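Asks: My questions are about this predicted structure, shown below with the sequence.
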Amino acid sequence: MRHRTLIIAICACACSLPAQRPAPVTRATRAAGAAWTNGGTCYEVFVRSFSDSNGDGIGDLNGLTQKLDYINDGNPRSTRSLGARCIWLMPIAESPSYHGYDVSDYYKVAPAYGTNDDFKRLVAAAHRRGIAVIVDMVLNHTSSEHPWFKQAQRDTASRYRDWYRWSATQPAQKGPWGQDAWRHSEVRDEWFWGVFWKTMPDLNYATPAVRDEARRIATFWLREMGVDGFRLDAVPYLMEEGDSLIGSAGTHAVLREYGAHVRRVARRSFTVGEVWDGIDKMLPYYPGQLDSYFAFDLSQLLLAAVRTGDARALLDRHVRYQREVPRGGYSTFLGNHDLTRALTALGGDVAGAKLAATLLLTLPGVPFVYYGEEIGMTGDKPDERLRTPMQWSAERNAGFTRGTPWEALQPDISTANVASQESDPTALLNVYRRLIRLRASNAALAGGVLVPLMTSDPHVVAFLRREGAHAALVLVNLGAGPAGGVTVTSARSALPPGAYAANSLIGDIRGASLHVGADGVMDGYVPLGTIGPRESHVFALSARSAQPFSKSRGSEPKEVRP
């Protein structure tokens, strides 16, 4: 019988596997752009804080272009880059604010970041390295400095008047958090709807011209600027209908129309929306609207699992996402520009941050990594302190700028920086590098079905990922002490019947052999005598004889709760 090889990853600080160098990505080939989501990781960048090329203290597009090799140098064998296949840029359009979430010109790059041509050069350089580029699109509101709003305020006969909502008196209606969302105009004695802030008037999507303009803006960025998709900000608030302020039927209609337009213009683009809530509030956004939505509840559960040593709720919730959400339809993360940074949320626990990265990058979903998370940057509210400059080295201003940084750096730059972790294989940076590349090269981790497993130790979490003839087994000790003789058990049809030899993909640790019976059950398997505290491992299992997996997602094995 011809031998079959089955890779099973019992996850830890994973390794980089050799692969063929991909062809350069160009505008002609970027139609395959959304293919990056199968095994790819997206890296969120705040351009203002990433790299300053001209010494004015503000990060810019040219600085980001110079640092692309850090994100992905285009060589799958490289161990010097993260290997991310996508970058998400926080708002880069012209805006009067530092953060850019109040746009004053949707067709122009913020001058502090560069020019439209600088952006096009960035996209071309990213595509050559196999990096897709998605940009933040703020559709819910504009800046009060936008010419549309200025004209609408001055002239009630303006063509832009109906692009916003107005009232001659201050309505008693409050915003979704009980706030005063009707704001007084500084030009006329009237009020406008601005749910997020007085300088952020909401667009009125009941007006067809507003929806038309949103589609024109999308077309401009896809065709003229070359982007591969969008992250859409605050999508539940797009359209208010009576007392329905969040997730109204009109909002879903707008998203369905917008998502369809983006896919028509760029067939394999990617759209991901911000729906800040759990799965119950997310489900109405499927199907046929945007491609994906951020799973905020999974982020909270993952960090809680690492803090408490108990991941049962995390796996249960992932199984529910798998059951109820279209495949590839949710995006995972540890932190972002609005949330306490992951290492701060974990109380400075670097070992815990490695476990969190392990879980993030081996569980299902399309993972996003916030810049600096991979080196353990810290930060807490206010927002500016979540978005501090990237820490490239321990030198003055952390190698971010020759000038004075727009925001003071964090006090931990001597240890939490790229240069100090570059050559340390145990450093958090290199854990991220290995895991990101393993996910990209392993079919099971890239897009496999999740199968929770049962372990004999409550601090040890285990699960399978299965995809066609490939599988991955993830085993992580979340506990503060060693776990000896841990057994792993599955339900029926977890694996093809056969005998497997376990060889580590990292180091020279040899795992115990595994026998899977005719029912496909892993019954009391003990992969290692002892799993160290806060430790994980990666093994390859070679099967001399095994039945092939079914390729049908409808034949998933029965769930076993850990």
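Replies: That came through, no problem. Residues are numbered from 1 along each chain as shown.
Asks: okay, CA-based contacts and neighbour counts for the rest of this
Replies: OK.
Asks: Output the contacting helices and strands for the host helix or strand of residue 438.
Replies: According to DSSP states H and E, residue 438 maps onto helix 428-441. Applying 3 or more CA pairs under 8 Å, 6 or more residues apart in numbering; DSSP states H and E, we find helix 428-441 packed against helix 350-362, helix 418-421, helix 443-447.
Asks: can you redo the ones you listed as CSV with mean pLDDT and distance to residue 524?
Replies: Converted to CSV, the helices and strands packed on helix 428-441 look like this (pLDDT from 0 to 100; distance: least, CA to CA, whole Å):
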stretch, mean pLDDT, distance to residue 524
helix 350-362, 96, 23
helix 418-421, 97, 39
helix 443-447, 89, 23
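Asks: Please convert these to CSV, extending it with mean neighbour count and distance to residue 88.
Replies: As requested, these are exported to CSV (neighbours: other CA atoms under 10 Å; distance: least, CA to CA, whole Å):
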stretch, mean neighbour count, distance to residue 88
helix 350-362, 24, 17
helix 418-421, 20, 20
helix 443-447, 26, 19
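Asks: Export those helices to JSON lines and append columns for distance to residue 490.
Replies: Converted to JSON lines, those look like this (distance: least, CA to CA, whole Å):
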{"stretch": "helix 350-362", "distance to residue 490": "18"}
{"stretch": "helix 418-421", "distance to residue 490": "38"}
{"stretch": "helix 443-447", "distance to residue 490": "17"}
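Asks: So for residue 432, which of the ones you listed sits nearest?
Replies: Distance to residue 432, taken as CA to CA, is lowest for helix 350-362 among the helices and strands packed on helix 428-441, at 6.7 Å.
Asks: ok, residues contacting that closest one?
Replies: 11-13, 302-303, 306-307, 332-334, 342-343, 346, 367, 376, 428, 431-432, 435-436, 439, 445, 474, 476, 478, 534-536 (CA atoms under 8 Å, 6 or more residues apart in numbering).
Asks: which ones among those are found in helices?
Replies: 302-303, 306-307, 342-343, 428, 431-432, 435-436, 439, 445 (DSSP state H).
Asks: Bridged to the residue most central in space within the chain, which residues?
Replies: The centroid of the chain falls nearest to residue 368 when counting by CA atoms, centre = their mean (2.0 Å). On the basis of DSSP bridges, residue 368 is bridged to residue 42, residue 333.
Asks: show me what contacts it?
Replies: Counting by CA under 8 Å, 6+ apart, residue 368 touches 41, 42, 43, 44, 331, 332, 333, 334.
Asks: make it 10 Å
Replies: Applying CA atoms under 10 Å, 6 or more residues apart in numbering to residue 368 gives the contacts 40-44, 84, 86-88, 294, 331-336, 360-361.
Asks: try residue 477
Replies: Contacts for residue 477 (CA under 10 Å, 6+ apart) come out as 12, 306, 309-310, 355, 457-462, 483, 486, 531-537.
Asks: Tell me the confidence at the residue nearest to it when sequence neighbours are not counted?
Replies: If the residues on either side of it in the chain are set aside, residue 477 comes closest to residue 460, at 4.4 Å by CA to CA, 6 or more residues apart in numbering. For residue 460, the pLDDT comes out at 94.
Asks: thought residue 460 was touching residue 454?
Replies: Yes. Counting by CA atoms under 10 Å, residue 460 touches residue 454, with 9.2 Å between them.
Asks: neighbour-wise, which of those two wins?
Replies: Shown here are residue 460 and residue 454; by other CA atoms under 10 Å, residue 460 has more neighbours (27 against 23).
Asks: Return the set of buried residues in the strand or helix carrying residue 255.
Replies: Assessed by DSSP H and E, residue 255 sits inside helix 249-265. Neighbour counts using 16 or more other CA atoms under 10 Å place 250-252, 254-263 of helix 249-265 among the buried residues.
Asks: Run through the stretch 451-562 of the chain and note the low-pLDDT ranges.
Replies: Scanning the stretch 451-562 of the chain for pLDDT under 70 picks out 503, 505-507, 540-542, 544-562.
Asks: Just give me the neighbour total for residue 348.
Replies: Residue 348 has 14 neighbouring residues, counting by other CA under 10 Å.
Asks: Just to check, it is in contact with residue 416?
Replies: No. Residue 348 is beyond contact range of residue 416, at 11.2 Å (criterion: CA under 10 Å).
Asks: Can you pull the residues that touch both of these two?
Replies: With CA under 10 Å, 6+ apart, residue 348 and residue 416 have common neighbours 376, 377, 378.
Asks: quick one: the second one and residue 417 touch, right?
Replies: By that I understand residue 377. Yes. With contact defined as CA under 10 Å, residue 377 reaches residue 417; the gap is 7.9 Å.
Asks: Which neighbours do those two have in common?
Replies: By CA under 10 Å, 6+ apart, the residues touching both residue 377 and residue 417 are 390, 391.
Asks: Rounded mean pLDDT for stretch 387-398, please.
Replies: Here the average pLDDT along stretch 387-398 is 96.
Asks: Between the two ends of that stretch, how far is it?
Replies: 14 Å (CA to CA, to the nearest Å).
Asks: those strands in the stretch 201-350 of the chain, which residues are they?
Replies: Ranges of strands within the stretch 201-350 of the chain are 229-232, 270-273, 292-294, 330-333, based on DSSP state E, counting those that start in this stretch.
Asks: contact partners of the first one?
Replies: This points to strand 229-232. By CA under 10 Å, 6+ apart, strand 229-232 touches 33-34, 88-91, 132-140, 218, 221-222, 255, 262-263, 266, 268-275, 290, 292-294.
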